[in-house]
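Engineer: Okay, sequence plus prediction incoming.
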Amino acid sequence: MKRNTFFLFLLALSFVLSSSIFAQTVLDETFNYTVGDSLAAHTWVGHSWSTSTNNTILVTSGGLTYNGFVNSGKGNSVVMKPTGEDLHKSLGDSITSGAVYASFLVNVSAAQTGDYFFHFINNNLAQNIYRARVYAKLAANGGVAFGITKGVIPVKWNDSLTTPYTLNTTYLIVVKYSFASGTGNDTVSLWVNPTLNGVEPTPLVTVVDATTDLLSIANIALRQGGATAGATLSLSGIHIAKTWDLGTGSSASLSLTSPKGGESWLASSSQNITWASSGVTNVKLEVSADGGSTWSDIVASTAASANSYAWTVPATAGTNYKVRISDVDGKASAVTSAAFSVTTVVVPTLTLTAPAAGAKLTSGTSSNITWTSSNVTNVKLAYSIDAGANWTDIVASTAASAGTYAWTVPSTVSTTCLVKATDVDNATVTSLSGTFSIAAAGQYATIASVRSLSAGTKVTISGIVISPNFSTTKNSFYIYDGTAGIDVYGGTLVTTALGDSVVVTGWLLSYSGLLEVSDTLTSAVSLVVTNVSSGHTVMTPKVITVAELNANGENYEGTLVTIRNVTKTSGVWPASASVTLTCTANGTSDALSMRITKPCELIGSTEPTWPRDVTGIVTQFTTTTGGYQLTPRYLSDFVAPSAVQTESHTSTTVKGFGLAQNYPNPFNPTTTINFSLDKAGLVSLKVYNILGTEVASLVNEFKAAGNYNVPFNASNLTSGVYLYKLQVGSQSLTKKLTLMK
């Protein structure tokens, strides 16, 4: 009997201790009700306006998010407007001592002269004693300010409005009511976006006045302000506690990468839901067929580190499906996709892959039109020379499975050409190429051929702008045409931007060893820039070493390159004028000269931390290191060092044009692709997903004949089958590779 009594004592003590530990949280209200419902239908009680008229407070889809807050992204929200019903909810407890903390998320879309929207109430509603009133007001600069009173005006605003917050932004609000002995000396405090590290910080605003104290706190209330004073806002995630207990302040995060929205997935098919995460152990996946009003589990818990989940798509068709991912432990905010479709109809897809944007074709030559497709039998091909205003058939029907068609380029010269592919059986399934040019035979010389001509030769070339204009009074920029790059200098200033296609007529000039297309040497005739069109693809930088630059600078002059792991060794970052810095790379002793030229955004910018991977144009304005140097263009040309991935090349005997199977295959996440060229040419090596969408460009530049090995890192892709395609001129080869994570 004594033993049983002792056991019951331990059980009771355990209950008391556990109750005291977990009793600090008084209430969590996440509005997890059906979207469109009135709060009055869910234990909220009206105490002012009628609960059936005058801007009824309704539930709206999705909770607001604030990283690390205990109720971030949970449940749904409510929308509150000026002049309408006021509601309160019981805490289920009457608190008479210590402190009470109310924390919630709020997003103000419109504010006026200022009114309160949240407060505490005692257990005698008839007394109308409202305390710790939280206000929102339109600030003088158009932002929003938050304020508090113990009970009546004047309102004490955050920072006296010197640092107002912005509209349409989610903020974490915390209000505290502290009971004190005596009369009229209780305290209210306000925080906006406090640090979430478990320690109560200094309040943003504190109010102590002689206003009548509350004898107890038994309810929380939502109030819609006056017609000319109240704010329009969304509110969610109410958390009531007796201690500072808002969340972990964790930097945990989730992002949903597929579906993103807009997809059309076949009913009952298998699709990968993919995501990225940080500081998350397990995730929950849910699906909604009604745009987020109701949810059902896909999986209650799966490892976040997998970053992928094979999901069998529902058998019911619909156009308003959404997927939601959430942290099982609640440290990271939940993320919901935009709406996508589930269809019982097989959806055909068709994507043109050539001609590429910015391509320059020559009249009378043969050029391959290429595409990828699924669920398409035959395609119709047409071209336009006037940006799509008029179309001319190339072929009325050709097998879609071929993926290529040899086209004899027409004789009409134009810089606004397009090719269109259309499903013969479904005219709504169509794909356009990027804008390209057709030139008369011999009209434009390649930049590579121009570079071997004598100074003083007049040339006409075409290329894509790969740099800003390094002058404010004349043309001073670089162009690249797939064979080589060159400096354009002189003539009447023409406004150009990165990715513009231009035609340049001028004379070859060597300035301090740098080859330019410039003004004539013998008379006052100027260089001319014409046919400017925007939106073309800028070349992918070639990754080289300092040793390669110093040994083969002429081969890279005027070309966009990247040098890995660069560290400055001497020189001062420019404040107002052009400078030359001395650097090394990858821990070698090879000196790299880096020229920062005015005017560009680098002048007067904050110096980056070293080392950096640096992209720039190979130029020749100095005699150091063989005369060649790197000229970066933008702040984005300096990025954190990355793992070196450079292709290897041998000039051993080449048997022909070939593309080998990648090895290893299947792979995770890296593999190597080998190919061989029996002649020089502009090489394109790209990777596509099974729908024909380009996911990686591995090579896009002019190369000599030889054998090449190119590494491919697919760490940013999901498991599946992909296609890799090698194209040089009219020749192309395609193979499959399999990524298994």
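Structural biologist: Good, I have the coordinates. Everything numeric here is computed off the predicted structure, so don't read it as measured data.
Engineer: And the pLDDT at residue 708?
Structural biologist: Listed pLDDT for residue 708 reads 84.
Engineer: ok, then the element right after the helix or strand containing it?
Structural biologist: In this structure, residue 708 sits in strand 706-713 according to DSSP states H and E. Sequence order places strand 720-728 as the next helix or strand after strand 706-713, per DSSP H and E.
Engineer: List the buried residues for that next one?
Structural biologist: 722, 723, 724, 725, 726, 727, 728 (16 or more other CB atoms under 10 Å). Where you see a C-beta, it was placed from the backbone N, CA and C, and this is true even at glycine.
Engineer: quick one on the thing from earlier: next, the angle from the strand holding residue 708 to strand 720-728.
Structural biologist: For strand 706-713 against strand 720-728, the angle by axes from the mean of the first three to the mean of the last three CA atoms, to 10 degrees is 150 degrees.
Engineer: Output the contacting helices and strands for strand 706-713.
Structural biologist: strand 648-650, strand 670-677, strand 694-703 (3 or more CB pairs under 8 Å, 6 or more residues apart in numbering; DSSP states H and E).
Engineer: Please identify the deepest-packed of these.
Structural biologist: strand 670-677 (a mean of 19; mean count of other CB atoms under 10 Å).
Engineer: could you say what helices and strands it packs with?
Structural biologist: Short answer (3+ CB pairs under 8 Å, 6+ apart): strand 670-677 packs on strand 658-659, strand 681-689, strand 706-713, strand 720-728.
Engineer: what would those strands look like in TSV with distance to residue 176?
Structural biologist: Below are those laid out as TSV (distance: least, CB to CB, whole Å):
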stretch	distance to residue 176
strand 658-659	68
strand 681-689	53
strand 706-713	51
strand 720-728	52
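Engineer: closest to residue 734 out of the ones you listed?
Structural biologist: Closest to residue 734 of these, according to CB to CB: strand 720-728, at 4.5 Å.
Engineer: tell me the mean pLDDT for stretch 276-293?
Structural biologist: 91.
Engineer: Quick one: residues in contact with stretch 100-107.
Structural biologist: With CB atoms under 8 Å, 6 or more residues apart in numbering as the test, stretch 100-107 has contacts from 26, 63-66, 69-72, 117-118, 120, 132, 136, 168-177, 217, 220, 233-246.
Engineer: still on that earlier bit, partner strands of the strand holding residue 708, with direction?
Structural biologist: Sheet pairing here is set by DSSP bridges, and for strand 706-713 it gives strand 648-650 (antiparallel), strand 670-677 (antiparallel).
Engineer: from the middle of its chain, how far away would that strand be?
Structural biologist: 29 Å (CA atoms, centre = their mean, to the nearest Å).
Engineer: what about dumping the CA coordinates of that strand to PDB?
Structural biologist: Output of strand 706-713 as PDB, limited to C-alpha atoms (Å, rounded to 0.1, in the frame of the first residue of the first chain):
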ATOM      1  CA  GLY A 706      40.700  17.800 -81.900                       C
ATOM      2  CA  ASN A 707      39.400  15.600 -79.100                       C
ATOM      3  CA  TYR A 708      37.700  17.200 -76.200                       C
ATOM      4  CA  ASN A 709      36.700  16.100 -72.700                       C
ATOM      5  CA  VAL A 710      34.100  18.200 -70.900                       C
ATOM      6  CA  PRO A 711      33.000  17.700 -67.300                       C
ATOM      7  CA  PHE A 712      29.300  18.100 -66.400                       C
ATOM      8  CA  ASN A 713      28.100  18.800 -62.900                       C
END
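Engineer: Inside strands: which ones of the contacts of stretch 100-107?
Structural biologist: 26, 117-118, 120, 132, 136, 170-177, 217, 220, 233-241 (DSSP state E).
Engineer: Residue 90 is nearest to which of the helices and strands packed on strand 670-677?
Structural biologist: The nearest among these, by CB to CB, is strand 720-728 at 53.0 Å.
Engineer: what is the mean pLDDT for the closest one?
Structural biologist: Mean pLDDT, strand 720-728: 90.
Engineer: Residues in contact with it: which ones?
Structural biologist: So strand 720-728 is contacted by 272, 353-354, 368, 370, 372, 657, 659, 662, 673, 675, 677, 681-690, 695, 698, 712, 714, 732-739 (CB under 8 Å, 6+ apart).
Engineer: could you redo the last one with a cut-off of 7 Å?
Structural biologist: Contacting residues not belonging to strand 720-728 are listed as 354, 657, 659, 662, 673, 675, 677, 681-690, 695, 732-739 [CB atoms under 7 Å, 6 or more residues apart in numbering].
Engineer: and the helix or strand just after it, what other elements does it pack with?
Structural biologist: Sequence order places strand 731-739 as the next helix or strand after strand 720-728, per DSSP H and E. If you count contacts as 3 or more CB pairs under 7 Å, 6 or more residues apart in numbering; DSSP states H and E, strand 731-739 packs onto strand 720-728.
Engineer: The strand it packs on vs strand 731-739, what angle?
Structural biologist: Using the same axes, to 10 degrees, strand 720-728 lies at 160 degrees relative to strand 731-739.
Engineer: what bits of the stretch 601-741 of the chain have low per-residue confidence?
Structural biologist: 622-626, 642-655 (pLDDT under 70).
Engineer: With adjacent residues omitted, what lies nearest to residue 393?
Structural biologist: Excluding its sequence neighbours, the residue lying closest to residue 393 (CB to CB, 6 or more residues apart in numbering) is residue 382, at 5.1 Å.
Engineer: Please report how far the one you found lies from residue 692.
Structural biologist: 19 Å (CB to CB, to the nearest Å).
Engineer: and what of residue 555?
Structural biologist: Separation of residue 555 from residue 692 (CB to CB) stands at 34 Å.
Engineer: same thing with residue 718?
Structural biologist: Counting by CB to CB, the gap from residue 718 to residue 692 is 16 Å.
Engineer: ditto for residue 401
Structural biologist: Distance, residue 401 to residue 692, by CB to CB: 13 Å.
Engineer: shared neighbours of those two, anything?
Structural biologist: By CB under 7 Å, 6+ apart, no residue touches both residue 401 and residue 692.
Engineer: More neighbours: which of those two?
Structural biologist: More crowded of residue 401 and residue 692, by other CB atoms under 10 Å: residue 692, with 18 against 10.
Engineer: For the more buried one, what are phi and psi?
Structural biologist: phi 90, psi 10 (degrees, to the nearest 10).
Engineer: Can you spell out which residues form a bridge with the residue nearest to it when sequence neighbours are not counted?
Structural biologist: With CB to CB, 6+ apart as the criterion, residue 692 has its nearest non-adjacent residue at 2.9 Å, and that residue is residue 372. Counting by DSSP bridges, residue 372 is bridged to residue 351.
Engineer: wait, residue 372 sits on residue 351?
Structural biologist: Yes. Taking contacts as CB atoms under 7 Å, residue 372 lies within contact range of residue 351: 5.1 Å.
Engineer: any residues in contact with both of the two?
Structural biologist: With CB under 7 Å, 6+ apart as the test, residue 372 and residue 351 both reach residue 692.
Engineer: Looking at these two, which is more packed in?
Structural biologist: Using other CB under 10 Å, the more surrounded residue of residue 372 and residue 351 is residue 372, with 23 against 17.
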